[in-house]
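[1] build me a model from this:
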Amino acid sequence: MLHAKIVNIKEKKISLSEAEKIISSSDFGASIYFTGTVRNQNNNKSVIGITYDSHDELVLKSFKEIYEEANQKLNIQNKAVFIEHAKGYLNLGEISIIIAVACKHRDEAYILSRYIIEEIKKRSPIWKKEHYADNQSDWLKGNPIVHEKN
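    Numbers count the residues shown, from 1 in each chain. Modelled structure (predicted):
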């Protein structure tokens, strides 16, 4: 089961309680909740906020592909996955992404959670613009989208 969404911060915040509602089940013995938050420093600059932008359709497609690949590469068939990423301006400490996974066993949950965040960072067209205390801002360099040949 996969829940995947891009959340416009102007309309709603992403929250752990929503993730818990989606992945909670007595079918699973282990749950992992990963949150990414806006931190106050990056590359020796004082950060005051981040604006996230994305190609929503392609991001959701990448989330689905990552989920499906986990079936094959990790052989974790019975799982629940919640992925939400923020779009818009976030202040320090606010949550930009939640990845929540539930599996039968803890080792599966840890492996799956790590796999999902690493693949999102590599493959999903999400961009971030950092805003600094000196009133400057910069779009951060991302990873080029790589298409694997079959």
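[2] can you name the residues bridging to the residue nearest the centre of the chain?
    Centroid check for the chain by CA atoms, centre = their mean gives residue 97 as the closest residue, at 4.2 Å. As for beta bridges, residue 97 partners with residue 36, residue 85 under DSSP bridges.
[3] ok, now the one 4 residues further on?
    In this structure, residue 101 has the following beta-bridge partners (DSSP bridges): residue 32, residue 81.
[4] now the residue sitting furthest away from the middle of the chain: closest residue in space, sequence neighbours ignored.
    Ranked by distance from the centre of the chain (CA atoms, centre = their mean), the top residue is residue 134, with 28.4 Å. Leaving aside its chain neighbours, residue 134 sits nearest to residue 46 (7.5 Å; criterion: CB to CB, 6 or more residues apart in numbering). Glycine gets a C-beta too; all of them are placed from N, C-alpha and C.
[5] ok, residue 72 - contacts?
    By CB atoms under 8 Å, 6 or more residues apart in numbering, no residues touch residue 72.
[6] quick one, phi psi at it?
    Torsion angles at residue 72 (phi, psi; degrees, to the nearest 10) stand at phi -80, psi -50.
[7] again, but for residue 117
    Dihedral pair for residue 117: phi -70, psi -40, per degrees, to the nearest 10.
[8] and for residue 39?
    phi -100, psi 170.
[9] quick check: it touching residue 91?
    No. Applying CB atoms under 8 Å as the test, residue 39 and residue 91 come out as separate, 11.4 Å apart.
[10] quick check, pLDDT for residue 43.
    On the pLDDT scale, residue 43 is placed at 88.
[11] how much space between it and residue 17?
    Here the criterion is CB to CB, to the nearest Å. By it, residue 43 lies 33 Å from residue 17.
[12] ok, residue 122 next?
    Distance, residue 122 to residue 17, by CB to CB: 29 Å.
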